[in-house]
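> any chance you could fold what I've pasted below:
(one chain, ligands or ions: 1)
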Amino acid sequence: MEIVLKNIIKKYGDVAAVKNISLEVKQGELVALLGPSGCGKTTLLRIIAGLVPLDSGKIFFDGKDVTTWSSQQRNAAMVFQNYALFPYLNVEQNIAYGLKVRKRSKSEIEKRVRSLLERVALSGLEKRDIQELSGGQKQRVALARALVVEPNILLFDEPLSNLDEKLRVSMRQEIRKIQKDIGITSIYVTHDQKEALAIADRIVVMNKGEIQQIVKPDELYYKPANTFVASFIGHANLIEIPVLKDENNEKIAKLFGKIVKIDKLDEEIKNIIALLRPEEIKLTNEGIQAKVIGHENLGSIYRYKVKVETYEIIVDVLNRRRNRILNIGDCVHLDFDEKSVHVLYN
Ligand SMILES: Nc1ncnc2c1ncn2[C@@H]1O[C@H](COP(=O)(O)OP(=O)(O)OP(=O)(O)O)[C@@H](O)[C@H]1O
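Coordinates of the predicted model:
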């Protein structure tokens with residue numbers, strides 16, 4: 001099922017939760033909605049599910065206008081952070097619930113439940129009470145229960161937030177595998193950048209009810225569209241520098257003496273923002289002069305804060321045994337490849 005959103009707007013009183021969002025999700029694709037708390041991701045997901053009415057805009061499933069359809073008509077299944085399972089039903093009964101409501105035959109229900117138990121690796125636990133399951137197992141039951149009715153689309157609302165880090169990593173791989181095997185179009189809400197990077201075909205970065213960037217995971221870190229995305233994903237040194245002219249009257253900028261290329265030649269821009277990731281900077285014996293003003297041991301990485309000219313810059317160094325640890329006040333030198341600088345214009 002292909003999903004198309006056109007100019008979706010949703011307000012709660014004065015709060016604009018979703019501001020004019022348009023988005024296309026292709027058949028079989030998994031798109032992550034990523035953004036800070038309150039950016040409107042859950043609202044958008046619930047609008048797609050048909051659980052929240054929108055103020056204006058249109059929603060299409062495979063070209064059909066479903067804007068006025070009820071949640072049931074849309075046949076969208078949701079998987080929530082808190083599992084939303086029936087505590088008084090066992091595993092099998094929870095999974096079978098959607099089919100029973102739809103009055104399917106006993107033999108069909110048995111067959112479907114058995115096949116889903118297998119798919120989510122819960123065979124053997126069919127008679128267990130929900131209270132006797134681990135968090136990961138509960139989320140598998142929730143996934144099986146969502147899939148049993150053969151929904152058109154699958155919507156995930158922070159499904160792994162209640163699990164510990166290790167389980168989150170293995171569950172997200174499992175979810176991704178099942179989603180791909182079935183080929184079901186999915187939208188996955190998360191505020192965890194690592195989860196979005198690991199699970200999605202494309203990531204929609206949101207802030208304050210608006211889409212900031214739609215991008216493939218591999219491009220998000222190195223090609224953020226603006227300073228919000230650059231700072232939301234990993235650590236970013238964002239350095240505002242003036243636009244200059246070289247001897248051929250071409251626009252350039254200089255970052256600590258190194259020449260940075262500018263693509264937007266035809267626009268009247270006075271400043272650019274240079275994005276330099278902390279791991280792109282090397283500590284060297286000579287080069288750009290800097291002074292250590294802070295340091296932090298992050299395990300595999302040693303993170304230094306240094307002052308260069310008037311700027312405070314973060315530098316990440318691999319925490320190798322043979323590396324000397326620098327102290328506050330130490331004078332150091334830095335170097336970086338000018339090709340590693342990404343230029344932003346806002
Ligand atoms: N039922 C509601 N009534 C009033 N305001 C709401 C309601 N639901 C959401 N909001 C507001 O709309 C905005 C977007 O909320 P939403 O829950 O969609 O954000 P979110 O990105 O999913 O955040 P979180 O990650 O914290 O769940 C927020 O400012 C929120 O306070």
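> can you give me the helices for the stretch 201-346 of the chain?
Along the stretch 201-346 of the chain, counting by DSSP state H, counting those that start in this stretch, helices occupy 217-220, 227-232.
> show me the one of those that comes nearest L275.
Nearest to L275, of all these, is helix 227-232, at 5.1 Å by C-beta to C-beta. (Glycine included, C-beta is placed from N, CA and C.)
> send me that closest one as PDB with only the CA atoms.
The C-alpha trace of helix 227-232 is given here as PDB (Å, rounded to 0.1, in the frame of the first residue of the first chain):
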ATOM      1  CA  THR A 227      21.600  23.400  11.500                       C
ATOM      2  CA  PHE A 228      18.700  21.800  13.400                       C
ATOM      3  CA  VAL A 229      19.300  18.400  11.600                       C
ATOM      4  CA  ALA A 230      23.100  18.700  12.000                       C
ATOM      5  CA  SER A 231      22.900  19.200  15.700                       C
ATOM      6  CA  PHE A 232      20.100  16.700  16.300                       C
END
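> any buried residues in that helix, and which?
Buried residues in helix 227-232, counted by 16 or more other C-beta atoms under 10 Å: 227-230, 232.
> okay, the residues you listed in TSV with distance to the ligand and pLDDT next?
Listed next are those as TSV, based on distance: C-beta to the nearest ligand atom, whole Å; pLDDT from 0 to 100:
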residue	distance to the ligand	pLDDT
T227	20	94
F228	14	95
V229	15	95
A230	20	93
F232	13	91
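> now render those as a markdown table, adding distance to T190.
Formatted as a markdown table, the buried residues of helix 227-232 follow (distance: C-beta to C-beta, whole Å):
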| residue | distance to T190 |
| --- | --- |
| T227 | 22 |
| F228 | 17 |
| V229 | 15 |
| A230 | 19 |
| F232 | 12 |
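> and the stretch 1-150 of the chain, which of its residues are near the ligand?
Neighbours of the ligand within the stretch 1-150 of the chain, by C-beta under 6 Å from any ligand atom: 12, 15, 17, 35, 37-43.
> mind doing that once more with 8 Å?
12-13, 15, 17-18, 33, 35-46, 52 (C-beta under 8 Å from any ligand atom).
> give me the low-pLDDT residue ranges for this structure?
265-267 (pLDDT under 70).
> now do the domain split for it, please.
Domain ranges of the chain: 3-227, 236-345, per the TED database.
> so of those domains, which one's packed in deepest?
Across the domains of the chain, averaging neighbours per residue (mean count of other C-beta atoms under 10 Å) puts domain 3-227 on top, at a mean of 18.
> do you know how far the residue in the stretch 51-200 of the chain positioned nearest to the ligand is from V205?
Per C-beta to the nearest ligand atom, H191 is where the stretch 51-200 of the chain lies closest to the ligand, at 5.1 Å. Counting by C-beta to C-beta, to the nearest Å, the separation of H191 from V205 is 11 Å.
> shared neighbours of the two, anything?
Common contacts of H191 and V205 (C-beta atoms under 8 Å, 6 or more residues apart in numbering): 34-35.
> I'd say the residue of the stretch 51-200 of the chain closest to the ligand and A32 touch.
No. Judged on C-beta atoms under 8 Å, H191 makes no contact with A32 at a distance of 10.4 Å.
> residue numbers of the stretch 151-300 of the chain in contact with the ligand?
Contacts of the stretch 151-300 of the chain with the ligand, taken as C-beta under 8 Å from any ligand atom, map to 157-158, 189, 191, 206, 209.
> okay, those residues in CSV with distance to K261 next?
Converted to CSV, these look like this (distance: C-beta to C-beta, whole Å):
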residue, distance to K261
D157, 42
E158, 40
V189, 37
H191, 34
M206, 30
G209, 34
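> out of these, which are inside strands?
By the criterion of DSSP state E, membership of those in strands covers 157, 189, 206.
> contacting residues around the last one?
Read it as M206. If you count contacts by C-beta under 8 Å, 6+ apart, M206 has them with 33-35, 39-41, 44, 212.
> report the contact partners of the closest residue to D65 other than its chain neighbours.
Closest residue in space to D65, ignoring its immediate chain neighbours: K58 at 6.0 Å, by C-beta to C-beta, 6 or more residues apart in numbering. By C-beta under 8 Å, 6+ apart, the residues touching K58 are 5-7, 65, 67.
> other SSEs contacting the lengthiest helix in the chain?
Longest among the helix segments of the chain by residue count, using DSSP state H, is helix 165-182. Applying 3 or more C-beta pairs under 8 Å, 6 or more residues apart in numbering; DSSP states H and E, we find helix 165-182 packed against strand 30-34, helix 135-147, helix 193-199.
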